[in-house]
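Task: produce atomic coordinates for the following.
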Amino acid sequence: MTPTDSRRSVVPPYLLHAVAQAAEFPRAASAARTALASLELVQSPKHQHLVAPRRVSGTVDRSPQRTIADARGATTLPGTIVRSEGDPDTGDAAVDEAYAGLGATHAFWLDVFGRVSIDGAGLPLDATVHFGQDYDNAYWDGSRMVFGDGDDEVFRRFTIALDVIGHELAHGVTQYTADLTYQGQSGALNESISDVFGSLVAQYAAGQTAEQASWLIGEGLFTDAVHGDALRSMRSPGTAYDDPVLGKDPQPATMADFVVTTDDAGGVHTNSGIPNHAFFLAATAIGGYAWQGAGAVWWDALTSDAVTASIDFAGFAAVTIDAAGSRFGAGSAEHTAVQDAWRTVGVLD
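From the prediction side, this is the model:
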């Protein structure tokens, strides 16, 4: 798998296309066109070798192993290393936000699920910041995080949103677990799982309950010129933004509005709104800290042998229901909440 084959970006192509056509935002339009082109043309080393995790007395080191590189406006990875594990703040906001975000994500997986880094075996967490000129995206390339600085007309720098960092690293977790095929419903589940755990990373870091969380993905990324709160809303898919220039958030909340398309690998960023909403409904029905309820169920499902790479929404829903019954008991409040959530979004009858 090459980095290009495994690239998973947080800003959906449909939004980049809208920005690219926005004459009102000339700098952003140019940046968006570059970001769209880079989905095919990013220059990465032909072979990237994952660094072996450190071992202490024969066991995997459970501490984070972070390295931040600076691309300095270029598009060749990895860039120049500017901060390594244990180094003090640099004063560069993007470098220090990336470092802190990788640490918060590592802490979430370790503290909540006992998983040591995204591969479960202490994989070093590498990131590159200041990628490209006004680059309007952040992505996981199969071995590292890459952050653009945004264009300052539509998007701010992509290191400011912890859930975005959590989202992208969750693509790595999925890569090392279910490895869901990035196409159609399994691809939408791939995107949704990243939104789920990206949101949970931010909720865990803030100590928020399901009721306190905003359930917005990428909150704060839009500049004040945009009529919108975030890239996506798990609480109410289709309402994250409604801008006279960029258009309206197209995500459906239920299967009644499922989008049939060949764009974006079969609508992976669009139809992910449906399983996203199912998770929100289950998490808020259960209440308390979402990572202890619905999050634990989704984690059990993601790591279940019953989840195949090409699983569809209904298949994944069935696995989560079984997982909720196994973890919390058949007929429990948690079991019922998960069943009801999938029925409400129309995935199950």
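
And the strands in the stretch 151-300 of the chain?
Secondary structure of the stretch 151-300 of the chain, counting by DSSP state E, counting those that start in this stretch: strands at 216-217, 232-233, 242-243, 247-248.

okay, these, which one's buried deepest?
Among these, ranked by average contacts under mean count of other CB atoms under 10 Å, first place goes to strand 232-233 (a mean of 30). Backbone N, C-alpha and C define where each C-beta goes, glycine included.

partners of that one in the sheet?
strand 216-217 (antiparallel) (DSSP bridges).

which residues sit in contact with the residue nearest the centre of the chain?
When the chain is reduced to its mean C-alpha position, the closest residue under CA atoms, centre = their mean turns out to be H167, at 2.0 Å. Contact partners of H167, counting by CB atoms under 8 Å, 6 or more residues apart in numbering, are V10, S194, D195, F197, G198, I217.

By neighbours, which of those residues wins?
F197 (30 neighbours; other CB atoms under 10 Å).

mind checking pLDDT for the nearest residue to it once chain neighbours are set aside?
Once flanking residues are discounted, F197 sits nearest to A170: 4.0 Å by CB to CB, 6 or more residues apart in numbering. pLDDT recorded at A170 is 96.

separation between the closest residue to S117 other than its chain neighbours and D61?
Taking CB to CB, 6+ apart, and ignoring the residues beside it in sequence, S117 has L123 as its nearest neighbour in space, at 4.4 Å. With distances taken as CB to CB, to the nearest Å, L123 is found 11 Å from D61.

Looking at those two, which is more packed in?
Each of L123 and D61 had its neighbours counted (other CB under 10 Å), and the higher figure belongs to L123 (20 against 15).

is it true that the more buried one touches H106?
No - here L123 does not reach H106: they are 9.9 Å apart, not a contact under CB atoms under 8 Å.

shared neighbours of those two, anything?
Here L123 and H106 share the contacting residues S117, scored by CB under 8 Å, 6+ apart.

quick revisit: how close does the residue nearest to the centre of the chain get to A324?
For H167, the distance to A324 under the criterion CB to CB works out to 23 Å.

how about the helices in the chain?
All helices of the chain, identified by DSSP state H, fall at 13-20, 26-41, 93-113, 162-176, 184-206, 264-267, 273-286, 294-302, 313-328, 333-344.

As a markdown table, the ones you listed with distance to W140 would be great.
Shown next, in a markdown table, are the helices of the chain (distance: least, CB to CB, whole Å):
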| stretch | distance to W140 |
| --- | --- |
| helix 13-20 | 16 |
| helix 26-41 | 13 |
| helix 93-113 | 11 |
| helix 162-176 | 4 |
| helix 184-206 | 9 |
| helix 264-267 | 15 |
| helix 273-286 | 18 |
| helix 294-302 | 16 |
| helix 313-328 | 21 |
| helix 333-344 | 27 |
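
Quick check: which of these is nearest to G247?
helix 13-20 (5.3 Å; CB to CB).

re the thing from before, got the strands of the stretch 151-300 of the chain as JSON lines, with distance to A35 and mean pLDDT columns?
Putting the strands of the stretch 151-300 of the chain into JSON lines (distance: least, CB to CB, whole Å; pLDDT from 0 to 100) gives the following:
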{"stretch": "strand 216-217", "distance to A35": "18", "mean pLDDT": "98"}
{"stretch": "strand 232-233", "distance to A35": "17", "mean pLDDT": "98"}
{"stretch": "strand 242-243", "distance to A35": "18", "mean pLDDT": "98"}
{"stretch": "strand 247-248", "distance to A35": "17", "mean pLDDT": "96"}
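
Have a look at this structure and report the helix or strand with the lowest mean pLDDT.
For the chain, the helix or strand with the lowest mean confidence is strand 55-56, at a mean of 40 (criterion: mean pLDDT, DSSP states H and E).

Can you report how many residues lie near T239?
By the measure other CB under 10 Å, the count of residues near T239 is 17.

That should have said G114, apologies.
There are 9 residues near G114, going by other CB under 10 Å.

Now it, what are its backbone angles?
For G114, the backbone dihedrals are phi 70, psi 20 (criterion: degrees, to the nearest 10).

got a list of what it touches?
Residues in contact with G114, defined by CB under 8 Å, 6+ apart, are absent; none qualify.

Look up how far G238 lies from it.
Between G114 and G238 the computed distance is 36 Å (CB to CB).

what bits of the stretch 101-250 of the chain have low per-residue confidence?
When residues are selected by pLDDT under 70, none of them lie in the stretch 101-250 of the chain.

what sits opposite the nearest residue to T239 once chain neighbours are set aside in the beta ladder?
Across the structure, with CB to CB, 6+ apart as the measure, the residue nearest T239 apart from its sequence neighbours is S233 (5.3 Å). Counting by DSSP bridges, S233 is bridged to L216.
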